[in-house]
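Asks: Next come a sequence and a model predicted from it.
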Number of protein chains: 2
Amino acid sequence: MNQQILLARRPQGAPVAEDFRLVETPIPDPGPGDVLVQHRFISLDPYQRGRMDDVKSYSAPVAIGGVMECGAVGQVAASSDARFREGDWVLGGFGWQSYSVRPAKSLIAIDPDEAPPSTALGVLGMPGLTAWVGLEDIGQPKAGEMLVVSAASGAVGQVAGQLGKIRGAKVVGIAGGAEKCAFVKDTLGFDAAIDHRGNLDAQLDAACPDGIDVYWENVGGAVQAAVFPRFRDFGRMVMCGMISQYNTAPGAAAAGAPPGPNLGPVVRKRLRIQGFIVSDTGWPRYGQFRKEMLGHIKAGRIKWREDVAHGLANAPAAFMGMLEGQNFGKQLVALD
Amino acid sequence: MNQQILLARRPQGAPVAEDFRLVETPIPDPGPGDVLVQHRFISLDPYQRGRMDDVKSYSAPVAIGGVMECGAVGQVAASSDARFREGDWVLGGFGWQSYSVRPAKSLIAIDPDEAPPSTALGVLGMPGLTAWVGLEDIGQPKAGEMLVVSAASGAVGQVAGQLGKIRGAKVVGIAGGAEKCAFVKDTLGFDAAIDHRGNLDAQLDAACPDGIDVYWENVGGAVQAAVFPRFRDFGRMVMCGMISQYNTAPGAAAAGAPPGPNLGPVVRKRLRIQGFIVSDTGWPRYGQFRKEMLGHIKAGRIKWREDVAHGLANAPAAFMGMLEGQNFGKQLVALD
C-alpha cells in the first residue's frame, strides 16, 4: 500500500496535527513509459507552509485532500522504460508519500557513488542551489565584505555562509541556541555565530563593528529589525524567506503581518533589497552549480548537516518543528 | 556686496525662518585662473534638507554658519581665464548666494541657445539626470508595464514619468491637488493622475487594476503604504527619496521614523527595492543623457514646468514650502 499524507484542512496560524491526514491507497500500476518509485527520503522545506494557504503566490496551493508537496529521492521499484532499472536512484517532486508513478522522462537520475542520495535534497539540491543563486545574483559578497546569514545552520543558510567564506567574505551566522552556534562556527567555519535568543544588538555590535554588506534573510522579525540598521552603503539584502511569520497569518503579506523597517536608509545608503525564488532561474544553471559544489565538497570546503526523522507518519511533527526552528540542519524524513 | 544665506542652526523637524540667516559680505576678487560668477538661478532641491542635519549620510552636512549648498547657474562677471568671457553662462555648486569665485576649470559652460539656462538645474540638470539614471539602472519599465510616479509634477517626477511614456509604459502620476493632477495628465501626457489628498486605494484600484510593475518613490509615508501591496511579480521600487519624512526627524532613518512595509511580499513576488544617489554614477553619463533629452525636447516628447521664486531673501520660504509640497514644478529662485 502507498502511505500518503494529505492536507486535511488549511491551518489557522501554526499547523497542528489535525491539519494533516495519513491515508493508505493502493500503489498505482506504472503504464507504458512509466516508472514506479519507492521513496527513501522526502524533503521538508519552509516553502511548503505557503502551499497550505489558499493565497495568491508564485505557486498554486495544495488542494484540500491533496498530497502534500515536496521533493524526494527514491529508488526505482518497477520500470517499463529502458532508461531506468530497478534500484536506480531518482529525484522528483514526489510529495509526502511512499510511492509514486511518474513518466520516466520526468525523472532526474542520481549517482549514489558521487554523493549520498539524500544530498540531492539538501546541499546538492534545491536548498544548495537556492544559496548559490542568491549569492550569485543578489548578494555577490566580495572578499573582505561582511556577510550575515540568518537561520545559519539550516539547509540554505549553511550553504550560503560557506559559499560566502569561499568568496573571501567575513561571515557571521545567526542561529538559535549554543549547540547550533557551535556548529556554525566550529564545523561550518563561519567567523562568528550569534544566538538570536540572546541580545542581538550587542552580539551584532561585537561581530560586525563596521556594519554589514550583505544580509541573507531567512527569518524576518526581530532578527531583520536588528540587522537592517547596520547596513553599510551599497548593502544587499537577499530576500530568501521570512520563516518567523509563516505561521502568524495566512500568507506572509496578509493584513496581520508586522511592519517592516522604514525604508529611508535604502535611499541614503543605496541599499538593494531583492527577493527571489530558486525555480525562476536556478535549474538551467544546476549543472554549473553541481560541478562547483562537488569540487568544494571533495576539497573539504563545504560541509553539511541533516536532521532526519524516520517514517512518513512523523513527517507532520517534523514539519511543525522545523517551522519553530527545532530542526538542526536540513530536515528530511527517511522512509525506512 | 554678496548676499548669502547661511545655516543659522540645525532645524528641529520642519525648518523655520530662524534656521537661516541672510548676510552681506564683500564680493571676493578673482585670483589667477579664477572666474567671478553672478548667479541668475539657484536650485532648491529636497536633498538640501538632509544637508541641514548633522547625521551620517552620503554627503557631509553644511556647517553651522556655512552657506547653504545648491546647484546654480549664472553669468561670468569677471574672468582672468581665457576659457570664459564676461556674460558666459556657467553651472556649478555655487550655493545660496548671489556671487561666487571659482577656478575656471571647475565650471561647466552652458549654451543658452540650446535651451534656457534654468533648465541646467532641472529637466537637463541634476533632477532630469536623476530620473534618467533611476529608470535606466533600476526601474527599467518595459512597454506595456505599469509605472507609478509619486511627486509626479516635481522636478524629478515629471521627467521620470515622461521617460516612462517614451519607453512605452503606462504611467500614472501621484500629485497633490486638482491643478497638479491636471498638469500631469494633460500637459505631461501621463495616462492618469491620482490626487494623494483623495482616497489613494480607490484611485489606485481604478488606475492600476492589474497592479504595478515599477514604482518611482519620491515621498514615502501613506503613498508608499498604498502602492506597496499592489506590486506585481518582479516589481521594482526605485528609491529616489522619501520627502514626507525629511521633516519628521533629524535624518530619514532616525529612531522616530515610521515603520515601513512588511517585506514578506519581496520574497513571494520577487521584488527589488533599490536606492540610488545620482552623483554615484550619473555624471559620467551626462553626455548621453543630455543628447537623448535634447532630442526628446526638440521632438516635443518632454515638457517641464518650473516654479520660480524671486530674490535670494525668498529662498528659505520657497524651500520650506517645497518640503510641504507647495511648489508646482521644479523649484528655482531667480536672482533678478
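Replies: Thanks, I have it. Numbering: from 1, shown residues only, chains lettered A, B, ... in the order given.
Asks: Residue A:74 looks like it's in a strand, true?
Replies: Yes. Judged by DSSP: H, G, I helix; E, B strand; the rest coil, residue A:74 forms part of a strand.
Asks: now what about the helix or strand harbouring residue A:171, what contacts it?
Replies: Residue A:171 is part of strand A:170-175 when elements are defined by DSSP states H and E. By Cβ atoms under 8 Å, 6 or more residues apart in numbering or on different chains, the list of residues contacting strand A:170-175 from outside reads A:144-153, A:157, A:161-162, A:164-165, A:181, A:183-185, A:188, A:190-196, A:200, A:204, A:207-208, A:219, A:223. No exception for glycine: its C-beta is placed from N, CA and C like everyone else's.
Asks: what residues does the helix or strand following it touch?
Replies: Later in the chain than strand A:170-175, the nearest helix or strand by DSSP H and E is helix A:178-182. Here helix A:178-182 makes contact (Cβ under 8 Å, 6+ apart) with A:152, A:153, A:173, A:175, A:193, A:194, A:195, A:328.
Asks: Show me what from chain A comes close to chain B.
Replies: A:50, A:57-58, A:217, A:220, A:224, A:229, A:233, A:239-242, A:245, A:251-253, A:257-277, A:280 (Cβ under 8 Å from any Cβ of the partner chain).
Asks: still on that earlier bit, centre of the chain versus the strand holding residue A:171, how much separation?
Replies: 17 Å (Cα atoms, centre = their mean, to the nearest Å).
Asks: same question, stretch A:67-87
Replies: Using Cα atoms, centre = their mean, the offset of stretch A:67-87 from its chain centre is 23 Å.
Asks: any idea of the mean pLDDT for it?
Replies: For stretch A:67-87, the mean pLDDT works out to 96.
Asks: what does stretch A:135-147 give?
Replies: pLDDT averaged over stretch A:135-147 gives 98.
Asks: And that stretch, what's buried?
Replies: Residues of stretch A:135-147 classed as buried by neighbour count (16 or more other Cβ atoms under 10 Å in any protein chain shown): A:135, A:136, A:138, A:139, A:140, A:141, A:145, A:146, A:147.
Asks: Out of those residues, which two are the most distant from each other?
Replies: A:136 and A:146 (18.4 Å; Cβ to Cβ).
Asks: so which residue of the stretch 101-250 of chain A comes closest to chain B?
Replies: residue A:239 (4.5 Å; Cβ to the nearest Cβ).
Asks: Run a quick neighbour tally on that residue.
Replies: Residues within reach of residue A:239, counting by other Cβ atoms under 10 Å in any protein chain shown, total 28.
Asks: before we move on, what about residue A:104?
Replies: If we define neighbours as other Cβ under 10 Å, then residue A:104 has 18 of them.
Asks: And the pLDDT for it?
Replies: 95.
Asks: residue contacts, it?
Replies: Applying Cβ under 8 Å, 6+ apart, the residues near residue A:104 are A:33, A:34, A:35, A:79, A:80, A:81, A:83, A:84.
Asks: what's the nearest residue to it if we skip its chain neighbours?
Replies: Computed as Cβ to Cβ, 6 or more residues apart in numbering or on different chains, the closest residue to residue A:104 that is not its neighbour in sequence is residue A:81, at 3.5 Å.
Asks: pretty sure the one you found is touching residue A:31, no?
Replies: No. The pair residue A:81 / residue A:31 is not scored as a contact, 10.4 Å apart, by Cβ atoms under 8 Å.
Asks: between those two, who's got more neighbours?
Replies: When neighbours are counted by other Cβ under 10 Å, residue A:81 and residue A:31 differ, and residue A:81 comes out ahead with 16 against 9.
Asks: can you give me the helices in the stretch 101-250 of chain A?
Replies: A:126-134, A:155-166, A:178-182, A:200-207, A:221-227 (DSSP state H, counting those that start in this stretch).
Asks: quick revisit: secondary structure class for the residue nearest to residue A:104?
Replies: Following three-state DSSP, residue A:81 is assigned to coil.
Asks: And for the residue lying closest to residue A:17 once chain neighbours are set aside, the neighbour number?
Replies: Nearest residue to residue A:17, sequence neighbours excluded (Cβ to Cβ, 6+ apart): residue A:316, at 5.9 Å. The number of residues packed near residue A:316 is 24, by other Cβ under 10 Å.
Asks: before we move on, which element is residue A:38 in?
Replies: Per DSSP H and E: strand A:34-43 holds residue A:38.
Asks: residues contacting the residue nearest to residue A:71 when sequence neighbours are not counted?
Replies: Sequence neighbours aside, residue A:43 is the residue nearest to residue A:71 in space, at 4.5 Å (criterion: Cβ to Cβ, 6+ apart). Under the criterion of Cβ under 8 Å, 6+ apart, the contact list for residue A:43 reads A:70, A:71, A:72, A:121, A:122, A:125, A:126, A:330, A:331, A:332.
Asks: Please apply the same query to residue A:234.
Replies: A:213, A:269, A:270, A:271, A:272 are the contacts of residue A:234 under Cβ under 8 Å, 6+ apart.
Asks: For the helices of the stretch 101-250 of chain A, give me CSV that also has distance to residue B:312 and mean neighbour count.
Replies: Putting those into CSV (distance: least, Cβ to Cβ, whole Å; neighbours: other Cβ atoms under 10 Å in any protein chain shown) gives the following:
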stretch, distance to residue B:312, mean neighbour count
helix A:126-134, 52, 26
helix A:155-166, 53, 27
helix A:178-182, 60, 17
helix A:200-207, 46, 16
helix A:221-227, 44, 19
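Asks: so can I have a markdown table of the ones you listed showing distance to residue A:101?
Replies: Converted to a markdown table, the helices of the stretch 101-250 of chain A look like this (distance: least, Cβ to Cβ, whole Å):
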| stretch | distance to residue A:101 |
| --- | --- |
| helix A:126-134 | 22 |
| helix A:155-166 | 28 |
| helix A:178-182 | 39 |
| helix A:200-207 | 49 |
| helix A:221-227 | 41 |
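Asks: count of residues packed around residue A:177?
Replies: 15.
Asks: Looks like it contacts residue A:198 (just checking).
Replies: No. Residue A:177 is beyond contact range of residue A:198, at 9.8 Å (criterion: Cβ under 8 Å).
Asks: among the residues of chain A next to chain B, which ones are buried?
Replies: Using 16+ other Cβ under 10 Å, the buried ones in these are A:50, A:57, A:217, A:220, A:224, A:233, A:239-242, A:245, A:251-253, A:257-258, A:260-277.
Asks: orientation of the strand holding residue A:171 relative to helix A:200-207 in degrees?
Replies: 160 degrees (axes from the mean of the first three to the mean of the last three Cα atoms, to 10 degrees).
Asks: Using the record's assignment, carve chain A into domains.
Replies: Chain A breaks down by automatic domain parsing into domains covering A:2-122+A:305-334, A:126-281.
Asks: Make TSV out of those domains and add distance to residue B:131.
Replies: Shown next, in TSV, are these (distance: least, Cβ to Cβ, whole Å):
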stretch	distance to residue B:131
domain A:2-122+A:305-334	31
domain A:126-281	15
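Asks: quick one, phi psi at the closest residue to chain B within the stretch 1-150 of chain A?
Replies: Proximity of the stretch 1-150 of chain A to chain B (Cβ to the nearest Cβ) peaks at residue A:57, 5.4 Å away. The phi and psi values for residue A:57, taken as degrees, to the nearest 10, are phi -150, psi -170.
Asks: This completes my enquiry, with thanks.
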